[in-house]
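Asker: Need the 3D shape of this:
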Amino acid sequence: MHQVKSSTPSEIAATGFAQAAAARRGPRAKGRPLPVKDTLWTLPGFCGGTKIATSFGEMPIYALRLRDPLRTVAGTIATVGWVDKIHLDEEFLRTHPDAQPILIRAGSLGHNLPKEDLTVSPHQKINVSKAQFRQEFCLARDLEHMPGVLRKPEMLLTYYLFNCTVPVTVSVNGTWTSVAP
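Answerer: Just a heads-up that it's a prediction; the model follows:
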């Protein structure tokens with residue numbers, strides 16, 4: 001870890017603002033980008049436009065709160081026990097390319113599945129079964145070979161995460177997804 005260097009007003013005047021700012025930022029400012037890492041992203045999550053089925057209708061994931069009632073595949077109601085979000089910046093996404101989200105286009109998993117485009121973490125489990133009452137989950141990253149499923153490169157990204165204290169299957173944009181604590 002490098003120390004942050006402070007610049008005096010006279011140094012800024014003598015060397016120029018840009019050079020002083022570059023000196024404070026450290027080695028990356030000198031053209032040495034961080035290396036790309038080949039680690040797998042292992043957190044599930046959903047992107048901002050995702051809609052979750054609750055007992056009072058679909059709502060955007062960013063509005064989900066503790067104790068909100070969610071509809072499950074079993075026809076029961078599960079309450080949200082935990083909500084969080086993770087912000088990923090341009091540098092992190094550049095150095096950890098597997099964290100880039102997966103876009104699942106509307107209808108690419110079957111008729112009206114999902115109902116709308118769905119953007120998720122590569123580690124989010126998605127039900128790919130076309131049978132109404134059968135559940136067959138795959139990680140989103142394992143669906144990239146399918147038509148209509150692709151990586152969606154982003155510069156800035158927020159993943160929204162939640163769970164219901166017990167494993168449940170909930171409707172997200174009309175597609176059943178697994179959510180576990």
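Asker: Which phi and psi values does residue 118 adopt?
Answerer: With angles defined as degrees, to the nearest 10, residue 118 shows backbone torsions of phi -130, psi 120.
Asker: what helix or strand does the residue nearest the centre of the chain sit in?
Answerer: Averaging the C-alpha coordinates of the chain gives a centre point, and the residue nearest to it by CA atoms, centre = their mean is residue 159 (3.2 Å). With elements delineated by DSSP states H and E, residue 159 resides in strand 157-163, which encompasses its position.
Asker: which helices and strands does that strand pack with?
Answerer: The helices and strands touching strand 157-163, judged by 3 or more CB pairs under 8 Å, 6 or more residues apart in numbering; DSSP states H and E, are strand 82-88. No exception for glycine: its C-beta is placed from N, CA and C like everyone else's.
Asker: Let me know the angle separating the strand it packs on from strand 157-163.
Answerer: Going by axes from the mean of the first three to the mean of the last three CA atoms, to 10 degrees, strand 82-88 is angled at 160 degrees with respect to strand 157-163.
Asker: Need the nearest residue in space to residue 153, chain neighbours excluded.
Answerer: The shortest distance from residue 153 to any residue other than its chain neighbours is 5.5 Å, reached at residue 100 (CB to CB, 6 or more residues apart in numbering).
Asker: same check, this time on residue 55
Answerer: If you skip the residues right next to it in sequence, residue 55 has residue 69 as its closest partner in space, 4.0 Å away by CB to CB, 6+ apart.
Asker: From what I see, the one you found and residue 59 are in contact.
Answerer: No: contact status for residue 69 versus residue 59: not in contact, 10.8 Å apart, counting by CB atoms under 8 Å.
Asker: mind checking pLDDT for the closest residue to residue 85 other than its chain neighbours?
Answerer: Nearest non-adjacent residue to residue 85, counting by CB to CB, 6+ apart: residue 160, 5.0 Å away. Reading off the per-residue confidence, residue 160 sits at a pLDDT of 97.
Asker: likewise the one 10 residues further on?
Answerer: Confidence per residue is given as pLDDT, and for residue 170 that number is 95.
Asker: Can you get me a residue count around residue 152?
Answerer: By other CB atoms under 10 Å, the residues close to residue 152 number 14.
Asker: Surely it is in contact with residue 104?
Answerer: No: counting by CB under 8 Å, no contact exists between residue 152 and residue 104, whose distance comes to 9.7 Å.
Asker: What sits closest to residue 44 if chain neighbours are left out?
Answerer: The shortest distance from residue 44 to any residue that is not its chain neighbour, by CB to CB, 6+ apart, is 4.3 Å, and that residue is residue 124.
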